[in-house]
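Student: can't give you the sequence, but here's the structure:
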Ligand SMILES: *Cc1c(COP(=O)(O)O)cnc(C)c1O
């Protein structure tokens, strides 16, 4: 009965597309590194952008709450799972985002799926960038609304689609602010203008910009002064915050609606209260530790310029996501293995996570990396690039 899986898996392996799980472990006292088996590797594949994962203040807050609140929340937030740490966190989130209200979700995937389903349904249309995160794509599919996919950051194409769907009941435009596999940013000014012109709702996913941009890490929309133009703000606690979970912020009405309609919130057990307490501490650190943002941006600029000088096309910008596109899947895998040999953990990203023919190594930086570690890494990356024929020598 299950033979078909073996066949399909063999076909995946044939195309260098099979995925597998590799165990890794933290290195005590060395936050920029990761253990793979017996080897310690420089971790250039983590989303712990601000280096908060092991922060003692966060861990202590979680430990204290664990002893008071217990291991689990015991029920959905709509039943008896809505424990006190939630209220503290959501008030702090709304104050941070300068929004009327905020709502915590179990993770970014659940937030996107829940919000999109709550805002759009049959007869509606969702305009979504071609490179948006998979959780947005799945949210649109589950919503049963029409999926109008526009070419990456192509505002002319979006306008064309907005015109085509002028008469639809509700219109929702969604974009990642920083694209997770490319590290470039969305044209938020233009998106805000189009949203106004066509009477659409605008939702942004700040998974890779929350904590990093804005005077207190509020995200890219705040940095650009556009937060009032955005109807639905979504971000995660799993990346810059170093913990787990996600939030949505916006108007009181939006949050009331989500409490009534967002299925992943309603039909799933609330996050453990200890985790929610840890997120509150992470939020305080994200706001206070400006130096982490500054260090991260400096590291990102340095790394981009080192790889650029080495001959790679890494684009411009200052986001901590720096992809090196190698094209075919097998080369990407060999690149990643060669990097591991040189003491660097950087995974190959292959379709369907990225479009066919654009397999890549996605480097992601952290505030904890030093200039020396980054320049040594760039030298190794260059050598491997030449050896594999990705770079001309
Ligand atoms: C990581 C990510 C998510 C999912 O967040 P999780 O908390 O990991 O479930 C959603 N959107 C984007 C853009 C992401 O990069």
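Tutor: In hand now; what should we look at? Note that the structure is a prediction, hence the values are computed from the model and not measured.
Student: who's in contact with the most centrally placed residue in the chain?
Tutor: Central residue check for the chain by Cα atoms, centre = their mean: the C-alpha nearest the mean position is that of residue 207, 3.6 Å away. Shown here is residue 207, whose contacts under the criterion Cβ atoms under 8 Å, 6 or more residues apart in numbering are 108, 133, 176, 178, 180, 234, 235, 236, 238, 239. In short, each C-beta sits where N, CA and C put it, glycine included.
Student: Throw the residues you listed into JSON lines and include neighbour count and distance to the ligand, thanks.
Tutor: Putting the contacts of residue 207 into JSON lines (neighbours: other Cβ atoms under 10 Å; distance: Cβ to the nearest ligand atom, whole Å) gives the following:
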{"residue": "108", "neighbour count": "24", "distance to the ligand": "2"}
{"residue": "133", "neighbour count": "22", "distance to the ligand": "4"}
{"residue": "176", "neighbour count": "25", "distance to the ligand": "5"}
{"residue": "178", "neighbour count": "23", "distance to the ligand": "8"}
{"residue": "180", "neighbour count": "22", "distance to the ligand": "4"}
{"residue": "234", "neighbour count": "29", "distance to the ligand": "8"}
{"residue": "235", "neighbour count": "29", "distance to the ligand": "9"}
{"residue": "236", "neighbour count": "26", "distance to the ligand": "4"}
{"residue": "238", "neighbour count": "19", "distance to the ligand": "4"}
{"residue": "239", "neighbour count": "25", "distance to the ligand": "6"}
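Student: Restricted to strands, list those residues.
Tutor: Among those, the ones falling in strands (DSSP state E) are 176, 234, 235, 236.
Student: what number of residues lie near the spatially closest residue to residue 165 that is not a sequence neighbour?
Tutor: Spatial nearest neighbour of residue 165, chain neighbours left out: residue 125 (4.5 Å); criterion: Cβ to Cβ, 6 or more residues apart in numbering. Burial of residue 125, expressed as a neighbour count using other Cβ atoms under 10 Å, amounts to 24.
Student: any idea how far residue 125 lies from the ligand?
Tutor: Going from residue 125 to the ligand by Cβ to the nearest ligand atom, to the nearest Å gives 21 Å.
Student: for the protein, what spans make up the helices?
Tutor: Assignment of helices within the chain using DSSP state H yields the ranges 3-14, 56-69, 84-97, 108-119, 134-143, 155-164, 188-198, 220-223, 252-261, 263-266, 273-288, 290-310, 329-341, 371-387.
Student: which one of those helices is the most hemmed in?
Tutor: Greatest average neighbour count among the helices of the chain goes to helix 108-119 (a mean of 25), per mean count of other Cβ atoms under 10 Å.
Student: and it, how far out from the chain's middle?
Tutor: Between the mean C-alpha location of helix 108-119 and the chain-wide mean there is a distance of 14 Å, by Cα atoms, centre = their mean, to the nearest Å.
Student: I'd like the mean pLDDT over it, please.
Tutor: Summarised as a single mean, pLDDT over helix 108-119 is 98.
Student: shaky segments in the protein?
Tutor: Applying pLDDT under 70 to the chain flags the ranges 393.
Student: what residues does it put near the ligand?
Tutor: Where proximity means Cβ under 6 Å from any ligand atom, the interface of the chain facing the ligand comprises 107-109, 112, 133, 135, 176, 180, 205, 207-208, 236, 238, 246.
Student: got a markdown table for these, with distance to residue 382 too?
Tutor: Below are those laid out as a markdown table (distance: Cβ to Cβ, whole Å):
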| residue | distance to residue 382 |
| --- | --- |
| 107 | 36 |
| 108 | 34 |
| 109 | 36 |
| 112 | 37 |
| 133 | 30 |
| 135 | 35 |
| 176 | 29 |
| 180 | 25 |
| 205 | 33 |
| 207 | 30 |
| 208 | 26 |
| 236 | 33 |
| 238 | 31 |
| 246 | 37 |
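Student: Tell me the buried residues in stretch 208-220?
Tutor: In terms of neighbour count (16 or more other Cβ atoms under 10 Å), stretch 208-220 has its buried residues at 208, 209, 210, 211, 212, 213, 214, 216, 217, 218, 219, 220.
Student: same check, this time on stretch 24-43
Tutor: For stretch 24-43, a neighbour-count test (16+ other Cβ under 10 Å) marks 31, 32, 33, 34, 35, 41, 42, 43 as buried.
Student: Now do the same contact list for the last one.
Tutor: With contact taken as Cβ under 8 Å, 6+ apart, residue 43 is in contact with 32, 33, 34, 345, 366.
Student: Of all pairs in those residues, which one spans the longest distance?
Tutor: The span of these, defined through Cβ to Cβ, is set by 345 and 366 at 12.0 Å.
Student: The two: which has the busier surroundings?
Tutor: Each of residue 345 and residue 366 has its neighbours counted (other Cβ under 10 Å); residue 366 has more, 25 against 21.
Student: Ramachandran angles for that one?
Tutor: Summarising the backbone geometry of residue 366 under the convention degrees, to the nearest 10, its torsions are phi -140, psi 150.
Student: any idea how far the closest residue in space to it that isn't next to it in sequence is from residue 166?
Tutor: Distances taken as Cβ to Cβ, 6+ apart place residue 51 nearest to residue 366, at 5.2 Å, with adjacent residues excluded. Note on residue 51: its distance to residue 166, by Cβ to Cβ, to the nearest Å, is 47 Å.
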